[in-house]
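Colleague: curious how this folds, go ahead:
(2 chains)
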Amino acid sequence: MKGSTRSGSGGALVYLRTMAVFALVWTGVAWWTDNSILLPTPLAVAQAAIDLAKSLELFEHAAISLGRMVVSITIASAIAIPLGLAMGLSTRLERIVDPTIEILRPISGIAWIPLALFIFGIGNTLPVFIMTYAAFFPIVVGTVGGVRAVDRRLIDAARTMGVPQRTIVTRVVVPAALPSLLVALRLGVALSWTAVVAAELIGAPSGLGYAVEWYRELLATPQVMSFIAMIGVIGYLCDAFVRELNRRFTPWMPATR
Amino acid sequence: MTALALRDRGQAIGLGAVLPLTIIVAWQVAGMAFGGVRLPLPSKIVAAAATMIASGDLPLAIVQSLGRVFGGFVIAALIAIPLGLAMGTARAVERNVDPVVETFRPIAAIAILPLAILWFGTGTSAAVMIVAYAAFFPIVVNTVAGAKDVNPTLLQAASTMGLSRLATMRTVIVPAALPSILVGLRIALGVGWTAIVAAELAVGAKAGGGGSGGIGQMMFVFYAYSIELNRIIVCMIAVGIVALVLDRALRAAMRALMPWSR
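Modeller: Numbers count the residues shown, from 1 in each chain, chains lettered A, B, ... in the order given. Take a look at the predicted model:
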């Protein structure tokens, strides 16, 4: 792979320099507009973020949203991975299930929010449902694709040697499908993190999306921006975590950015 | 052989239809047997869809939302493609701009929505800005990748023949990067469509239904005011169909424009 922009000795320096220029431009615009509700200065935002961090409010909401995502990804994987494995191994099952998946897939998780609000009401279930739905499709599609790409000869060889079907799945199919599965997981995490913000913004009494909306109603823009930044930080960290999983479990694959 | 392939295909379609049809029939039967008045039923959904299409409400809402998506999409493309080409061809530009792009990329467009409402109000411009923000990142990332991936031999040939930077860009880099750019555009359009639904829903929810129109807003009104679940489901199906049509149309356009890239 081509060297990442941030690698090398000057990487961090360039990053800081660019962000410093960005902060300077921001400060200039903030002074020019001279309206702390519309556009507070970076310093005001940093101050708000520090206060929110000290009172632990920032971390409480982040922990709630993150917890919901972990639950959702677990549920989605628990359904999608076995289903994807079965669909990948049996053409008949794929023909039965795949059209239904393809019908539902274009309906984004966010479009489910009004109906889900009606069914579940405002609370924990709504964001978890929306995120599970959002994460389900990339994981199932990726798993099927991964199983399909497994070298048939490996399976045939195992079968010739009299390996039972179960062992073939756990020892041959799953390891070979793992890279594709982990890429799918990465996509699922990204999509569900996008969906959580939308779901919490509209229908949850807690979490980062809720906090952003709460402070917007109070016109406390520095706090709004602090929480938005937190959404970005956690999104980035989750992605980095899944990428690290990719590297650990499939070290032979080229690094993905 | 063709007859066999045809029969196989017919069989596949037949098998695929089993599950959706079973679900629909079971839903209808169970709903008629035990359900209350409010419970959505497939037959009622079809009737609601017919009314909404005949009255022109649904097509109007879709057109309104699509207009915003295209508006934001064009803004994003106008900024992201030149920026991506500059980043992909000039190392200095990439080094200095990439940190900003990478810093904002993990922030979901919907998270920006409260700021957009603050800056642009609850009308069309806030929604357009959300779409532009959402569409920007896939376009820029794919354009950079496409511009970097140009065959170096072509670039050397161009410079040997004394082509100016601008001419090289126009005749070598852009055509070579086009497939990747179009992939970015396709992803961006899908992301933009998702974002518009979210933006309209949230604006509807937070502005007390104060109309900004569009399909998301329509869904929210059916949820919050008239509580018509059948109509909400019609909207959901419409959202899915539009997403599918946009995706397929761009794929077909790509194939038609560039039969060499597959």
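Colleague: so for stretch B:169-189, mean pLDDT?
Modeller: What stretch B:169-189 shows for mean pLDDT is 89.
Colleague: could you do stretch B:123-141 as well?
Modeller: Per-region confidence: stretch B:123-141 scores 91 on mean pLDDT.
Colleague: okay, that stretch in PDB with CA atoms only?
Modeller: Taking C-alpha atoms only, stretch B:123-141 is exported to PDB below (Å, rounded to 0.1, in the frame of the first residue of the first chain):
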ATOM      1  CA  GLY B 123     -36.100  25.200   5.700                       C
ATOM      2  CA  THR B 124     -34.600  23.700   2.500                       C
ATOM      3  CA  SER B 125     -31.200  25.200   3.000                       C
ATOM      4  CA  ALA B 126     -30.400  23.300   6.200                       C
ATOM      5  CA  ALA B 127     -31.500  20.100   4.500                       C
ATOM      6  CA  VAL B 128     -29.400  20.900   1.400                       C
ATOM      7  CA  MET B 129     -26.400  21.600   3.600                       C
ATOM      8  CA  ILE B 130     -26.700  18.200   5.400                       C
ATOM      9  CA  VAL B 131     -26.800  16.400   2.000                       C
ATOM     10  CA  ALA B 132     -23.800  18.400   0.800                       C
ATOM     11  CA  TYR B 133     -21.800  17.500   3.900                       C
ATOM     12  CA  ALA B 134     -22.800  13.800   3.700                       C
ATOM     13  CA  ALA B 135     -22.000  13.600   0.000                       C
ATOM     14  CA  PHE B 136     -18.700  15.400   0.200                       C
ATOM     15  CA  PHE B 137     -16.600  12.700   1.900                       C
ATOM     16  CA  PRO B 138     -17.300   9.700  -0.400                       C
ATOM     17  CA  ILE B 139     -16.700  11.900  -3.500                       C
ATOM     18  CA  VAL B 140     -13.400  13.400  -2.200                       C
ATOM     19  CA  VAL B 141     -12.000  10.100  -1.000                       C
END
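Colleague: do you know how far B:Asn230 is from A:Leu83?
Modeller: According to Cβ to Cβ, to the nearest Å, B:Asn230 stands 29 Å off from A:Leu83. (Each C-beta comes from the backbone N, C-alpha and C, glycine too.)
Colleague: so the two - more neighbours on which side?
Modeller: B:Asn230 (22 against 18; other Cβ atoms under 10 Å in any protein chain shown).
Colleague: what comes up buried for the helix or strand that contains B:Gln28?
Modeller: Following DSSP states H and E, one finds B:Gln28 within helix B:2-34. In terms of neighbour count (16 or more other Cβ atoms under 10 Å in any protein chain shown), helix B:2-34 has its buried residues at B:12, B:15-16, B:19, B:27-28, B:31.
Colleague: hmm, that helix in reach of chain A?
Modeller: Yes. Using Cβ under 8 Å from any Cβ of the partner chain, helix B:2-34 reaches chain A at B:12, B:15-20, B:23.
Colleague: any chance of these in JSON lines, plus distance to A:Met253?
Modeller: Listed next are the residues of helix B:2-34 next to chain A as JSON lines, based on distance: Cβ to Cβ, whole Å:
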{"residue": "B:Ala12", "distance to A:Met253": "32"}
{"residue": "B:Leu15", "distance to A:Met253": "34"}
{"residue": "B:Gly16", "distance to A:Met253": "33"}
{"residue": "B:Ala17", "distance to A:Met253": "38"}
{"residue": "B:Val18", "distance to A:Met253": "37"}
{"residue": "B:Leu19", "distance to A:Met253": "34"}
{"residue": "B:Pro20", "distance to A:Met253": "36"}
{"residue": "B:Ile23", "distance to A:Met253": "38"}
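Colleague: and of those, the nearest to chain A?
Modeller: B:Gly16 (3.5 Å; Cβ to the nearest Cβ).
Colleague: quick check: that closest one touching A:Ile96?
Modeller: Yes. Counting by Cβ atoms under 8 Å, A:Ile96 is a contact partner of B:Gly16 at 6.8 Å.
Colleague: so B:Ile233 makes contact with B:Ile45?
Modeller: Yes. B:Ile233 lies in contact with B:Ile45 (Cβ under 8 Å); the separation is 5.2 Å.
Colleague: by contact count, what packs against the helix holding B:Gln28?
Modeller: helix A:91-104, helix B:42-54 (3 or more Cβ pairs under 8 Å, 6 or more residues apart in numbering or on different chains; DSSP states H and E).
Colleague: what's the following helix or strand after the helix or strand where B:Pro179 lies?
Modeller: Here B:Pro179, judged by DSSP H and E, is contained in helix B:174-206. The helix or strand immediately downstream of helix B:174-206 is helix B:215-224, counting by DSSP H and E.
Colleague: what's the spacing between stretch B:14-33 and its chain's center?
Modeller: 30 Å (Cα atoms, centre = their mean, to the nearest Å).
Colleague: show the average pLDDT along it.
Modeller: Averaging pLDDT along stretch B:14-33 gives 85.
Colleague: may I have that stretch as PDB, with CA atoms only?
Modeller: What follows is stretch B:14-33, C-alpha atoms only, in PDB (Å, rounded to 0.1, in the frame of the first residue of the first chain):
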ATOM      1  CA  GLY B  14     -40.400 -18.800  -7.600                       C
ATOM      2  CA  LEU B  15     -38.300 -19.700  -4.500                       C
ATOM      3  CA  GLY B  16     -37.500 -16.100  -3.800                       C
ATOM      4  CA  ALA B  17     -41.200 -15.100  -3.900                       C
ATOM      5  CA  VAL B  18     -42.100 -17.700  -1.300                       C
ATOM      6  CA  LEU B  19     -40.900 -15.900   1.800                       C
ATOM      7  CA  PRO B  20     -42.200 -12.400   1.000                       C
ATOM      8  CA  LEU B  21     -45.600 -13.800   0.000                       C
ATOM      9  CA  THR B  22     -45.800 -16.000   3.100                       C
ATOM     10  CA  ILE B  23     -45.100 -13.000   5.300                       C
ATOM     11  CA  ILE B  24     -47.600 -10.800   3.500                       C
ATOM     12  CA  VAL B  25     -50.400 -13.400   3.600                       C
ATOM     13  CA  ALA B  26     -49.700 -14.300   7.300                       C
ATOM     14  CA  TRP B  27     -49.700 -10.600   8.200                       C
ATOM     15  CA  GLN B  28     -53.000 -10.000   6.400                       C
ATOM     16  CA  VAL B  29     -54.700 -13.100   7.900                       C
ATOM     17  CA  ALA B  30     -53.400 -12.600  11.400                       C
ATOM     18  CA  GLY B  31     -54.200  -8.900  11.300                       C
ATOM     19  CA  MET B  32     -57.800  -9.500  10.100                       C
ATOM     20  CA  ALA B  33     -58.200 -12.200  12.800                       C
END
